[in-house]
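Student: Got a predicted model here, sequence first, then my questions.
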Amino acid sequence: MSSEKNHSNSKNDIPVYNIKAISQLVGLLPVTIRAWERRYGLPSPRRGHQGYRLYSEYDLRTLRWLKAQIDSGMHISRAVEYLNELRKNGQDPAITPSVPPFTTPLNTSPTELTHLCKEFLEKILSFDEIQATEVLRRSFSLYSVDQVLTEIITPALVEIGERWHRGELSIAVEHFATQFVMQHLMSMMTATSQPIRSTKIFAACAPGEMHQIGILMLVVMLRWRGWDVIYFGPDLKLDRLEETLNALRPELVMFTANNFHNALHLTELPRILEKIKGKKPLIVLGGQAFHANRLPDSVSAIYLTGMRPSEIVSRIESLLTSTQGNSAS
């Protein structure tokens, strides 16, 4: 308790963030934050004049530390236990950021993630939209956005795709699963608040490419991290694209393609970039089309394939941070 008293009455304890802002800064859905507060008493926001939750810098640091633990595989309940142990020993990580993460193997609960994925898959296969939504609600109350998208939704969609290719499922199941996930991703994308980073990212599917779930997941993850990502959807034609890029001035342009025939349309990018005023954006390409193929060397691009969505996002953030650092120098 001593560590909690130390932060009281300090500027770190002033309530300044509403729940939408805090969820954006931490990368957790509001439903997750409310669930943690209800189940574990963390964080402990104050209430504004109209009853709205208001969070302090201390709450922000606490949530970021908790998210770091579950991102590494720890279950939220065990992360809370570890946090309480640290606080009792006067090592509150929200006050002393140098406290190392817990590295001893614990209940990292991969079985629980696997169970939730299996349960989600079962509900989708039975066309049970209400129960599939409930599984996701429970998942988001326990895990971060990245973990739910990467460890629960993605494996379920891969399994559905593989079963369909083997002729074990009808096309109706594949379409239902795709539309269900698309709706949730779009709602998550629109639920994000204003970006906290000035850098713009342009994202779209290559001309002719209609598969957009993969890139939508990346857009959602990046937006929840505060990046200003503008998504242009599937089958983006390249006609007069330079006008859009000159207006937006993105730092990074991201295209995805599952079919290499569609990917070949992107050989036009060098011609388009020649018409861009000032600094040229980085070009990032991903999707199944590039697993074994590359565009001609004339297309100067960074290929991000064979990685989990969260790893791709981390790589994109690293590229942007490096670019900004070079610009500053």
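Tutor: Right, received. Where do you want to start? Numbering: from 1, shown residues only.
Student: Geometric centre of this protein: which residue is closest?
Tutor: For the chain, the residue nearest the mean C-alpha position is residue 221 (1.8 Å; C-alpha atoms, centre = their mean).
Student: If you count contacts, what does the one helix or strand it maps to end up packed against?
Tutor: Element membership of residue 221 [criterion: DSSP states H and E] is helix 213-224. When contacts are defined as 3 or more C-beta pairs under 8 Å, 6 or more residues apart in numbering; DSSP states H and E, helix 213-224 sits against helix 145-147, helix 171-191, strand 200-205, strand 228-231, strand 252-256, strand 282-286, helix 309-328. In short, each C-beta sits where N, CA and C put it, glycine included.
Student: Does anything pack onto the third one? Which helices or strands?
Tutor: Yep, that's strand 200-205 we're talking about. Under the contact criterion of 3+ C-beta pairs under 8 Å, 6+ apart, strand 200-205 touches helix 213-224, strand 228-231, helix 241-248, strand 252-256.
Student: Can you tell me the number of residues neighbouring residue 94?
Tutor: Neighbours of residue 94 under the rule other C-beta atoms under 10 Å: 25.
Student: same question but for residue 50, I mixed them up
Tutor: 5.
Student: before we move on, what about the one 10 residues further on?
Tutor: Other residues near residue 60 come to 19 when the count uses other C-beta under 10 Å.
Student: Sketch out the low-pLDDT regions of the stretch 151-300 of the chain for me.
Tutor: Along the stretch 151-300 of the chain, the parts satisfying pLDDT under 70 run over 193.
Student: do that again at 90, thanks
Tutor: For the stretch 151-300 of the chain, applying pLDDT under 90 flags the ranges 187-198, 221, 223-227, 278.
Student: same for the helix or strand hosting residue 22, what does it pack against?
Tutor: Using DSSP H and E, the element containing residue 22 is helix 19-26. The contact analysis (3+ C-beta pairs under 8 Å, 6+ apart) places helix 19-26 against helix 30-40, helix 57-71.
Student: again, 6 Å this time
Tutor: helix 57-71 (3 or more C-beta pairs under 6 Å, 6 or more residues apart in numbering; DSSP states H and E).
Student: residues contacting residue 181?
Tutor: Residues in contact with residue 181 (C-beta atoms under 6 Å, 6 or more residues apart in numbering) are 153, 213.
Student: Repeat the analysis, applying 7 Å as the threshold.
Tutor: Contact analysis of residue 181 by C-beta atoms under 7 Å, 6 or more residues apart in numbering lists 153, 157, 213.
Student: Now the buried members of the residues you listed.
Tutor: Neighbour counting over the contacts of residue 181 (16 or more other C-beta atoms under 10 Å) leaves 153, 157, 213 as the buried ones.
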